[in-house]
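J.: What shape does this take:
(chains A and B)
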2 protein chains.
Amino acid sequence: MNKTGFVSLVGAGPGDAELMTVKAVRLIQQADVVVYDRLVSADILSLIPAGVSRISVGKEVGKHCVPQQQINEIIVNLAKAGRNIVRLKGGDPYMFGRGGEEVQALNQHQIPFEVVPGITAASGCSSYSGIPLTHRGMSRRVQFITGHFNDNEPLDLNWQSIADPDSTIVIYMGLSNLPLAIHSLIDAGLSCLNPGSCCAEWHNTEAATCDHNT
Amino acid sequence: MNKTGFVSLVGAGPGDAELMTVKAVRLIQQADVVVYDRLVSADILSLIPAGVSRISVGKEVGKHCVPQQQINEIIVNLAKAGRNIVRLKGGDPYMFGRGGEEVQALNQHQIPFEVVPGITAASGCSSYSGIPLTHRGMSRRVQFITGHFNDNEPLDLNWQSIADPDSTIVIYMGLSNLPLAIHSLIDAGLSCLNPGSCCAEWHNTEAATCDHNT
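T.: Model prediction:
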(Lines give C-alpha, C1' and ligand atoms only; values in the text may rest on other atoms or scores of the structure.)
Protein backbone atom coordinates (compact mmCIF):
# COMPACT_ATOMS: atom_id res chain seq x y z
CA MET A 1 0.00 0.00 0.00
CA ASN A 2 1.22 3.49 -0.89
CA LYS A 3 2.12 6.07 1.70
CA THR A 4 -0.38 8.94 1.50
CA GLY A 5 0.86 11.86 -0.57
CA PHE A 6 0.80 15.54 0.24
CA VAL A 7 -1.24 18.37 -1.25
CA SER A 8 -0.02 21.96 -1.58
CA LEU A 9 -2.92 24.26 -2.38
CA VAL A 10 -1.05 27.09 -4.04
CA GLY A 11 -2.12 30.54 -5.19
CA ALA A 12 -0.61 31.36 -8.59
CA GLY A 13 -1.35 35.08 -8.39
CA PRO A 14 -2.84 37.29 -11.12
CA GLY A 15 -1.12 35.71 -14.14
CA ASP A 16 2.40 37.17 -14.54
CA ALA A 17 4.82 34.34 -13.68
CA GLU A 18 7.04 36.86 -11.84
CA LEU A 19 4.17 37.61 -9.46
CA MET A 20 4.18 34.04 -8.18
CA THR A 21 5.79 33.53 -4.81
CA VAL A 22 9.22 31.97 -4.52
CA LYS A 23 7.52 29.13 -2.61
CA ALA A 24 4.97 28.49 -5.37
CA VAL A 25 7.76 28.14 -7.95
CA ARG A 26 9.73 25.80 -5.69
CA LEU A 27 6.70 23.59 -5.01
CA ILE A 28 5.87 23.30 -8.72
CA GLN A 29 9.40 22.17 -9.38
CA GLN A 30 9.22 19.51 -6.64
CA ALA A 31 5.74 18.17 -7.44
CA ASP A 32 4.74 14.85 -8.97
CA VAL A 33 1.52 16.31 -10.38
CA VAL A 34 0.16 19.82 -10.93
CA VAL A 35 -3.64 20.14 -11.00
CA TYR A 36 -4.51 23.57 -12.37
CA ASP A 37 -7.37 25.95 -13.13
CA ARG A 38 -8.26 27.91 -16.25
CA LEU A 39 -7.04 31.12 -14.59
CA VAL A 40 -3.46 29.85 -14.42
CA SER A 41 -1.57 31.45 -17.32
CA ALA A 42 0.54 29.81 -20.02
CA ASP A 43 3.64 31.59 -18.65
CA ILE A 44 3.08 29.96 -15.29
CA LEU A 45 2.41 26.54 -16.78
CA SER A 46 5.72 26.81 -18.65
CA LEU A 47 7.48 26.66 -15.25
CA ILE A 48 6.28 23.08 -14.70
CA PRO A 49 9.24 20.77 -15.37
CA ALA A 50 8.97 18.31 -18.25
CA GLY A 51 8.70 15.23 -16.03
CA VAL A 52 5.80 16.53 -13.93
CA SER A 53 2.23 15.43 -14.83
CA ARG A 54 -0.34 18.15 -15.52
CA ILE A 55 -4.09 17.89 -15.07
CA SER A 56 -6.34 20.74 -16.19
CA VAL A 57 -9.57 21.12 -14.26
CA GLY A 58 -10.29 24.50 -15.87
CA LYS A 59 -13.51 26.10 -14.84
CA GLU A 60 -15.00 28.85 -16.96
CA VAL A 61 -17.80 31.16 -15.84
CA GLY A 62 -21.13 29.59 -16.81
CA LYS A 63 -19.36 26.45 -18.01
CA HIS A 64 -17.87 24.30 -15.30
CA CYS A 65 -15.60 21.92 -17.18
CA VAL A 66 -15.01 19.78 -14.13
CA PRO A 67 -17.48 20.09 -11.23
CA GLN A 68 -15.96 20.99 -7.85
CA GLN A 69 -16.90 17.59 -6.40
CA GLN A 70 -14.97 15.88 -9.16
CA ILE A 71 -11.93 18.16 -8.66
CA ASN A 72 -11.96 17.17 -4.98
CA GLU A 73 -12.05 13.49 -5.96
CA ILE A 74 -9.16 13.85 -8.42
CA ILE A 75 -6.96 15.44 -5.75
CA VAL A 76 -7.96 12.97 -3.01
CA ASN A 77 -7.34 9.97 -5.27
CA LEU A 78 -3.94 11.24 -6.39
CA ALA A 79 -2.94 11.82 -2.77
CA LYS A 80 -4.16 8.36 -1.76
CA ALA A 81 -1.96 6.98 -4.53
CA GLY A 82 1.01 8.59 -2.77
CA ARG A 83 1.58 11.50 -5.13
CA ASN A 84 2.82 14.92 -4.10
CA ILE A 85 0.37 17.33 -5.65
CA VAL A 86 0.43 21.04 -6.31
CA ARG A 87 -3.14 22.23 -6.66
CA LEU A 88 -2.54 25.49 -8.50
CA LYS A 89 -5.28 28.11 -8.42
CA GLY A 90 -5.45 31.61 -9.91
CA GLY A 91 -5.01 34.42 -7.37
CA ASP A 92 -5.26 33.35 -3.73
CA PRO A 93 -6.79 29.95 -2.81
CA TYR A 94 -8.92 31.40 -0.01
CA MET A 95 -10.22 34.51 -1.79
CA PHE A 96 -13.13 33.52 -4.05
CA GLY A 97 -11.12 30.43 -4.95
CA ARG A 98 -13.17 27.65 -3.28
CA GLY A 99 -9.98 26.52 -1.56
CA GLY A 100 -11.94 25.89 1.64
CA GLU A 101 -14.04 23.25 -0.11
CA GLU A 102 -10.97 21.37 -1.31
CA VAL A 103 -9.44 21.54 2.15
CA GLN A 104 -12.64 20.09 3.64
CA ALA A 105 -12.37 17.13 1.26
CA LEU A 106 -8.70 16.63 2.19
CA ASN A 107 -9.56 16.76 5.89
CA GLN A 108 -12.35 14.20 5.45
CA HIS A 109 -9.83 11.79 3.96
CA GLN A 110 -7.08 12.67 6.44
CA ILE A 111 -4.74 13.81 3.70
CA PRO A 112 -1.97 16.16 4.85
CA PHE A 113 -1.86 19.50 3.10
CA GLU A 114 -0.62 23.08 3.25
CA VAL A 115 -2.06 26.28 1.82
CA VAL A 116 0.24 28.81 0.16
CA PRO A 117 -1.24 32.27 -0.33
CA GLY A 118 -1.01 34.04 -3.67
CA ILE A 119 -1.48 37.63 -4.80
CA THR A 120 -5.17 38.16 -5.24
CA ALA A 121 -6.50 39.87 -8.38
CA ALA A 122 -7.45 43.01 -6.44
CA SER A 123 -3.82 43.66 -5.45
CA GLY A 124 -2.61 43.07 -8.99
CA CYS A 125 -5.28 45.39 -10.46
CA SER A 126 -4.61 48.03 -7.85
CA SER A 127 -0.85 48.11 -8.50
CA TYR A 128 -1.13 48.10 -12.28
CA SER A 129 -4.05 50.55 -12.55
CA GLY A 130 -2.57 52.99 -10.04
CA ILE A 131 -5.68 52.93 -7.86
CA PRO A 132 -4.59 52.28 -4.26
CA LEU A 133 -7.01 50.06 -2.33
CA THR A 134 -6.64 52.40 0.65
CA HIS A 135 -5.60 56.03 0.62
CA ARG A 136 -5.50 58.55 3.46
CA GLY A 137 -8.54 60.80 3.41
CA MET A 138 -10.21 58.83 0.61
CA SER A 139 -10.57 55.17 1.40
CA ARG A 140 -10.05 53.53 4.75
CA ARG A 141 -12.05 50.38 4.07
CA VAL A 142 -11.82 47.84 1.26
CA GLN A 143 -14.63 45.53 0.29
CA PHE A 144 -14.35 42.48 -1.91
CA ILE A 145 -17.62 41.16 -3.23
CA THR A 146 -18.53 38.59 -5.85
CA GLY A 147 -20.52 39.54 -8.92
CA HIS A 148 -21.34 35.93 -9.63
CA PHE A 149 -22.98 33.40 -7.37
CA ASN A 150 -22.81 29.65 -7.85
CA ASP A 151 -25.65 27.86 -9.59
CA ASN A 152 -26.72 31.18 -11.11
CA GLU A 153 -28.41 32.37 -7.93
CA PRO A 154 -29.59 36.00 -8.22
CA LEU A 155 -27.10 38.61 -6.99
CA ASP A 156 -28.96 39.58 -3.81
CA LEU A 157 -26.20 41.44 -2.00
CA ASN A 158 -26.91 44.05 0.67
CA TRP A 159 -26.03 47.00 -1.57
CA GLN A 160 -27.03 49.52 1.09
CA SER A 161 -24.30 48.32 3.44
CA ILE A 162 -21.77 47.98 0.60
CA ALA A 163 -22.32 51.52 -0.75
CA ASP A 164 -19.86 53.28 1.57
CA PRO A 165 -18.28 56.25 -0.25
CA ASP A 166 -15.20 56.00 2.01
CA SER A 167 -14.42 52.49 0.84
CA THR A 168 -12.87 50.88 -2.23
CA ILE A 169 -15.19 48.23 -3.66
CA VAL A 170 -13.69 45.40 -5.68
CA ILE A 171 -16.07 43.14 -7.59
CA TYR A 172 -14.66 39.72 -8.44
CA MET A 173 -16.15 37.83 -11.40
CA GLY A 174 -18.27 40.90 -11.97
CA LEU A 175 -18.45 41.41 -15.73
CA SER A 176 -21.73 39.68 -16.52
CA ASN A 177 -23.54 41.43 -13.65
CA LEU A 178 -21.69 44.75 -13.94
CA PRO A 179 -24.69 46.90 -14.99
CA LEU A 180 -26.72 45.45 -12.10
CA ALA A 181 -23.90 46.15 -9.64
CA ILE A 182 -23.40 49.73 -10.88
CA HIS A 183 -27.12 50.55 -10.80
CA SER A 184 -27.55 48.93 -7.38
CA LEU A 185 -24.65 50.94 -5.91
CA ILE A 186 -25.94 54.20 -7.42
CA ASP A 187 -29.47 53.44 -6.15
CA ALA A 188 -27.94 52.82 -2.71
CA GLY A 189 -26.39 56.29 -2.69
CA LEU A 190 -23.00 56.19 -4.40
CA SER A 191 -22.46 59.01 -6.86
CA CYS A 192 -21.73 58.52 -10.55
CA LEU A 193 -18.69 60.60 -11.52
CA ASN A 194 -20.03 61.33 -14.99
CA PRO A 195 -23.82 61.12 -14.66
CA GLY A 196 -24.67 61.76 -18.29
CA SER A 197 -22.70 58.87 -19.70
CA CYS A 198 -21.42 56.38 -17.16
CA CYS A 199 -24.39 54.05 -17.17
CA ALA A 200 -24.49 53.93 -20.96
CA GLU A 201 -20.74 53.31 -20.98
CA TRP A 202 -21.07 50.46 -18.56
CA HIS A 203 -23.74 48.91 -20.75
CA ASN A 204 -21.36 49.07 -23.70
CA THR A 205 -18.57 47.55 -21.62
CA GLU A 206 -20.83 44.73 -20.68
CA ALA A 207 -21.91 44.11 -24.27
CA ALA A 208 -18.28 44.08 -25.38
CA THR A 209 -17.06 41.70 -22.70
CA CYS A 210 -19.98 39.31 -22.30
CA ASP A 211 -18.76 37.09 -25.12
CA HIS A 212 -15.77 36.07 -23.04
CA ASN A 213 -17.85 35.28 -20.02
CA THR A 214 -20.89 33.34 -21.06
CA MET B 1 23.79 66.19 -14.02
CA ASN B 2 22.63 62.70 -13.13
CA LYS B 3 19.99 60.87 -15.10
CA THR B 4 16.92 60.44 -12.89
CA GLY B 5 16.75 57.05 -11.21
CA PHE B 6 13.84 54.65 -10.97
CA VAL B 7 11.72 53.63 -8.00
CA SER B 8 10.16 50.20 -7.55
CA LEU B 9 7.57 50.30 -4.80
CA VAL B 10 7.57 46.64 -3.80
CA GLY B 11 5.35 44.61 -1.49
CA ALA B 12 7.43 42.24 0.63
CA GLY B 13 4.45 40.13 1.75
CA PRO B 14 3.71 38.90 5.29
CA GLY B 15 7.30 38.16 6.41
CA ASP B 16 8.35 34.72 5.17
CA ALA B 17 11.02 35.33 2.51
CA GLU B 18 9.52 32.50 0.42
CA LEU B 19 6.25 34.43 0.23
CA MET B 20 7.92 37.26 -1.66
CA THR B 21 7.26 37.35 -5.37
CA VAL B 22 9.91 36.27 -7.83
CA LYS B 23 9.89 39.86 -9.12
CA ALA B 24 10.49 41.35 -5.67
CA VAL B 25 13.55 39.14 -5.17
CA ARG B 26 14.91 40.04 -8.63
CA LEU B 27 14.42 43.77 -8.04
CA ILE B 28 16.19 43.66 -4.67
CA GLN B 29 19.14 41.97 -6.31
CA GLN B 30 19.32 44.62 -9.05
CA ALA B 31 18.83 47.70 -6.82
CA ASP B 32 21.35 50.38 -5.83
CA VAL B 33 19.46 51.13 -2.59
CA VAL B 34 16.72 49.38 -0.60
CA VAL B 35 14.58 51.66 1.58
CA TYR B 36 12.60 49.45 3.97
CA ASP B 37 9.95 49.48 6.69
CA ARG B 38 9.88 47.94 10.14
CA LEU B 39 7.49 45.24 8.89
CA VAL B 40 10.10 43.81 6.53
CA SER B 41 11.59 40.75 8.22
CA ALA B 42 15.23 39.89 8.86
CA ASP B 43 14.91 36.89 6.50
CA ILE B 44 13.90 39.21 3.71
CA LEU B 45 16.63 41.74 4.48
CA SER B 46 19.17 38.91 4.25
CA LEU B 47 18.34 38.66 0.52
CA ILE B 48 19.80 42.12 -0.11
CA PRO B 49 23.24 41.66 -1.72
CA ALA B 50 26.27 42.93 0.20
CA GLY B 51 26.98 45.81 -2.18
CA VAL B 52 23.48 47.30 -2.00
CA SER B 53 22.83 50.23 0.40
CA ARG B 54 20.07 49.84 2.98
CA ILE B 55 18.04 52.59 4.59
CA SER B 56 15.60 51.79 7.38
CA VAL B 57 12.62 54.10 7.68
CA GLY B 58 10.88 51.77 10.10
CA LYS B 59 7.59 52.98 11.43
CA GLU B 60 6.15 51.55 14.60
CA VAL B 61 2.56 51.99 15.80
CA GLY B 62 2.39 55.09 17.97
CA LYS B 63 6.04 55.89 17.24
CA HIS B 64 6.76 57.05 13.74
CA CYS B 65 10.54 56.84 13.48
CA VAL B 66 10.60 58.68 10.18
CA PRO B 67 7.54 60.79 9.27
CA GLN B 68 5.91 59.95 5.92
CA GLN B 69 6.89 63.33 4.47
CA GLN B 70 10.52 62.61 5.24
CA ILE B 71 10.32 59.11 3.72
CA ASN B 72 8.96 60.69 0.54
CA GLU B 73 11.88 63.15 0.52
CA ILE B 74 14.47 60.41 1.01
CA ILE B 75 13.13 58.45 -1.95
CA VAL B 76 12.75 61.51 -4.19
CA ASN B 77 16.28 62.71 -3.42
CA LEU B 78 17.82 59.29 -4.06
CA ALA B 79 15.99 59.07 -7.39
CA LYS B 80 17.10 62.57 -8.36
CA ALA B 81 20.67 61.44 -7.63
CA GLY B 82 20.19 58.75 -10.28
CA ARG B 83 19.86 55.74 -8.00
CA ASN B 84 17.65 52.74 -8.70
CA ILE B 85 15.63 52.28 -5.56
CA VAL B 86 13.57 49.44 -4.19
CA ARG B 87 11.10 50.87 -1.70
CA LEU B 88 10.26 47.72 0.24
CA LYS B 89 7.05 47.69 2.28
CA GLY B 90 5.45 44.95 4.39
CA GLY B 91 2.45 43.27 2.75
CA ASP B 92 1.08 45.06 -0.31
CA PRO B 93 2.03 48.71 -1.03
CA TYR B 94 -1.54 49.76 -1.80
CA MET B 95 -3.28 47.99 1.09
CA PHE B 96 -2.97 50.06 4.26
CA GLY B 97 0.62 50.73 3.16
CA ARG B 98 0.47 54.44 2.27
CA GLY B 99 1.96 53.55 -1.11
CA GLY B 100 -0.38 56.03 -2.78
CA GLU B 101 1.21 58.90 -0.85
CA GLU B 102 4.70 57.92 -1.97
CA VAL B 103 3.52 57.61 -5.56
CA GLN B 104 2.00 61.11 -5.37
CA ALA B 105 5.39 62.47 -4.29
CA LEU B 106 7.13 60.63 -7.15
CA ASN B 107 4.59 61.98 -9.63
CA GLN B 108 5.08 65.52 -8.37
CA HIS B 109 8.79 65.22 -9.09
CA GLN B 110 8.28 63.35 -12.38
CA ILE B 111 10.24 60.36 -11.17
CA PRO B 112 9.51 57.14 -13.05
CA PHE B 113 8.28 54.26 -10.91
CA GLU B 114 6.50 50.94 -10.86
CA VAL B 115 4.39 49.27 -8.18
CA VAL B 116 4.82 45.55 -7.49
CA PRO B 117 2.03 43.96 -5.47
CA GLY B 118 2.78 41.76 -2.48
CA ILE B 119 0.79 39.25 -0.47
CA THR B 120 -1.24 41.20 2.02
CA ALA B 121 -1.38 40.13 5.67
CA ALA B 122 -5.01 38.98 5.37
CA SER B 123 -4.09 36.36 2.75
CA GLY B 124 -1.16 35.14 4.82
CA CYS B 125 -3.27 34.91 7.98
CA SER B 126 -6.10 33.19 6.13
CA SER B 127 -3.84 30.50 4.64
CA TYR B 128 -1.95 29.82 7.85
CA SER B 129 -4.93 29.94 10.21
CA GLY B 130 -7.14 27.79 7.97
CA ILE B 131 -9.89 30.42 7.87
CA PRO B 132 -10.84 31.02 4.23
CA LEU B 133 -11.68 34.63 3.44
CA THR B 134 -14.64 33.42 1.40
CA HIS B 135 -16.49 30.13 1.72
CA ARG B 136 -19.61 28.93 -0.02
CA GLY B 137 -22.68 29.30 2.18
CA MET B 138 -20.75 31.18 4.88
CA SER B 139 -18.94 34.22 3.56
CA ARG B 140 -19.39 35.81 0.19
CA ARG B 141 -18.04 39.21 1.07
CA VAL B 142 -14.71 40.21 2.60
CA GLN B 143 -14.01 43.48 4.35
CA PHE B 144 -10.64 44.89 5.30
CA ILE B 145 -10.80 47.74 7.78
CA THR B 146 -8.19 49.56 9.77
CA GLY B 147 -8.20 49.50 13.55
CA HIS B 148 -5.85 52.44 13.73
CA PHE B 149 -6.24 55.87 12.18
CA ASN B 150 -3.43 58.31 11.59
CA ASP B 151 -2.75 61.02 14.14
CA ASN B 152 -4.70 59.00 16.73
CA GLU B 153 -8.09 60.05 15.33
CA PRO B 154 -10.94 58.18 17.05
CA LEU B 155 -12.04 54.96 15.32
CA ASP B 156 -15.36 56.26 13.98
CA LEU B 157 -16.13 53.52 11.45
CA ASN B 158 -19.67 52.78 10.29
CA TRP B 159 -19.95 49.57 12.33
CA GLN B 160 -23.57 49.06 11.29
CA SER B 161 -22.61 48.64 7.65
CA ILE B 162 -19.54 46.55 8.50
CA ALA B 163 -21.46 44.12 10.75
CA ASP B 164 -22.62 41.76 7.98
CA PRO B 165 -22.78 38.18 9.32
CA ASP B 166 -22.22 36.82 5.78
CA SER B 167 -18.85 38.54 5.47
CA THR B 168 -15.32 37.94 6.73
CA ILE B 169 -13.99 41.01 8.51
CA VAL B 170 -10.24 41.56 8.69
CA ILE B 171 -8.95 44.30 10.98
CA TYR B 172 -5.50 45.61 10.08
CA MET B 173 -3.43 47.25 12.82
CA GLY B 174 -6.27 46.34 15.16
CA LEU B 175 -4.68 45.23 18.41
CA SER B 176 -4.79 48.45 20.41
CA ASN B 177 -8.44 49.07 19.47
CA LEU B 178 -9.53 45.42 19.49
CA PRO B 179 -11.96 45.64 22.45
CA LEU B 180 -13.61 48.69 20.87
CA ALA B 181 -13.93 46.90 17.52
CA ILE B 182 -15.37 43.74 19.10
CA HIS B 183 -17.89 45.63 21.21
CA SER B 184 -18.88 47.86 18.31
CA LEU B 185 -19.51 44.86 16.04
CA ILE B 186 -21.53 43.05 18.71
CA ASP B 187 -23.53 46.23 19.40
CA ALA B 188 -24.19 46.47 15.66
CA GLY B 189 -25.69 42.97 15.63
CA LEU B 190 -22.95 40.39 15.18
CA SER B 191 -23.21 37.45 17.53
CA CYS B 192 -20.52 36.45 19.98
CA LEU B 193 -19.79 32.73 19.59
CA ASN B 194 -19.12 32.28 23.28
CA PRO B 195 -21.13 35.00 25.03
CA GLY B 196 -20.03 34.22 28.59
CA SER B 197 -16.36 34.66 27.97
CA CYS B 198 -15.42 36.18 24.66
CA CYS B 199 -15.39 39.79 25.73
CA ALA B 200 -13.28 39.01 28.78
CA GLU B 201 -10.95 36.96 26.61
CA TRP B 202 -10.55 39.80 24.19
CA HIS B 203 -9.66 42.11 27.04
CA ASN B 204 -6.98 39.69 28.13
CA THR B 205 -5.67 39.40 24.60
CA GLU B 206 -5.44 43.10 24.41
CA ALA B 207 -3.67 43.38 27.72
CA ALA B 208 -1.21 40.71 26.65
CA THR B 209 -0.42 42.28 23.31
CA CYS B 210 -0.56 46.00 24.01
CA ASP B 211 3.05 46.08 25.11
CA HIS B 212 4.18 45.35 21.58
CA ASN B 213 2.03 48.05 20.08
CA THR B 214 2.28 51.18 22.13
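
J.: OK, contacts around A:G130?
T.: When contacts are counted by C-beta atoms under 8 Å, 6 or more residues apart in numbering or on different chains, A:G130 touches B:103, B:115. (Each C-beta comes from the backbone N, C-alpha and C, glycine too.)

J.: So what does it have for phi and psi?
T.: Phi and psi for A:G130, reported as degrees, to the nearest 10, are phi 80, psi 20.

J.: With B:I75 as the reference, measure out to it.
T.: 17 Å (C-beta to C-beta, to the nearest Å).

J.: where exactly do the helices run in chain A?
T.: For chain A, applying DSSP state H gives helices covering A:22-30, A:42-45, A:68-80, A:99-108, A:121-129, A:159-162, A:178-187, A:198-209.

J.: can you tell which of those helices is closest to B:P93?
T.: helix A:121-129 (7.0 Å; C-beta to C-beta).

J.: Kindly tell me how buried the nearest residue to A:Q30 once chain neighbours are set aside is, as a neighbour count.
T.: Using C-beta to C-beta, 6 or more residues apart in numbering or on different chains and skipping residues adjacent in sequence, the residue nearest A:Q30 is A:N84, 7.0 Å away. A count of nearby residues for A:N84, using other C-beta atoms under 10 Å in any protein chain shown, gives 16.

J.: Tell me who's in contact with A:N84.
T.: Contacts for A:N84 (C-beta under 8 Å, 6+ apart) come out as A:5-6, A:8, A:30-33.

J.: now A:C125
T.: Here A:C125 is in contact with A:14, A:131, A:170 (C-beta under 8 Å, 6+ apart).

J.: Pick the one among those residues closest to B:Q110.
T.: Of all those, A:I131 has the smallest distance to B:Q110: 20.3 Å, by C-beta to C-beta.

J.: The helices of chain A: which one's closest to B:D37?
T.: So among the helices of chain A, helix A:121-129 is nearest, using C-beta to C-beta, at 16.9 Å.

J.: Tell me what angle that closest one forms with helix B:99-108.
T.: Relative orientation of helix A:121-129 versus helix B:99-108 (axes from the mean of the first three to the mean of the last three C-alpha atoms, to 10 degrees): 10 degrees.

J.: how about helix A:121-129: buried residues?
T.: Using 16 or more other C-beta atoms under 10 Å in any protein chain shown as the test for burial, helix A:121-129 gives A:121-124, A:126-127.

J.: so what's the closest residue to A:H109 other than its chain neighbours scoring on pLDDT?
T.: Once flanking residues are discounted, A:H109 sits nearest to A:V76: 5.0 Å by C-beta to C-beta, 6+ apart. With respect to pLDDT, A:V76 scores 98.

J.: I figured A:V76 hits A:F113, correct?
T.: No: applying C-beta atoms under 8 Å, one finds A:V76 not in contact with A:F113, separated by 10.6 Å.

J.: Touching both of these two, which residues are there?
T.: Residues touching both A:V76 and A:F113 (C-beta under 8 Å, 6+ apart): A:L106.

J.: closest to A:L193 among the contacts of A:C125?
T.: Looking across the contacts of A:C125 and measuring by C-beta to C-beta, the closest to A:L193 is A:I131, at 13.1 Å.

J.: wait, what's in contact with that closest one?
T.: By C-beta under 8 Å, 6+ apart, the contact list for A:I131 reads A:125, A:168, B:94.

J.: Relative to B:M95, how far out is it?
T.: Taken as C-beta to C-beta, the span from A:I131 to B:M95 is 12 Å.

J.: cool, A:A24 as well?
T.: Computed as C-beta to C-beta, the A:A24 to B:M95 distance reads 20 Å.

J.: And A:A163, by the same measure?
T.: Computed as C-beta to C-beta, the A:A163 to B:M95 distance reads 21 Å.

J.: do A:D164 as well
T.: A:D164 sits 17 Å away from B:M95, going by C-beta to C-beta.

J.: For the two, indicate the residue with more neighbours.
T.: Each of A:D164 and B:M95 has its neighbours counted (other C-beta under 10 Å); B:M95 has more, 28 against 21.

J.: The more buried one reaches A:R140, doesn't it?
T.: No: counting by C-beta under 8 Å, A:R140 is not a contact partner of B:M95; they are 11.5 Å apart.

J.: Give the residues shared as contacts by those two.
T.: Common neighbours of B:M95 and A:R140 (criterion: C-beta under 8 Å, 6+ apart): A:T134.

J.: where in chain A is pLDDT low?
T.: Along chain A, segments meeting pLDDT under 70 span A:1-2, A:59-65, A:150-151, A:194-214.

J.: again, only using 90
T.: Within chain A, the stretches with pLDDT under 90 are A:1-2, A:38-39, A:58-67, A:97, A:136-138, A:140, A:147-158, A:175-177, A:179, A:191-214.

J.: close enough to count as contact, A:G5 and A:I75?
T.: No: shown here, A:G5 and A:I75 do not form a contact pair, counting by C-beta under 8 Å, at 9.6 Å.

J.: shared neighbours of the two, anything?
T.: Common contacts of A:G5 and A:I75 (C-beta under 8 Å, 6+ apart): A:I85.

J.: More neighbours: the two, which one.
T.: A side-by-side neighbour count of A:G5 and A:I75, using other C-beta under 10 Å, places A:I75 first with 26 against 21.

J.: and the end-to-end length of stretch A:11-18?
T.: From its first residue to its last, stretch A:11-18 covers 13 Å (C-alpha to C-alpha, to the nearest Å).
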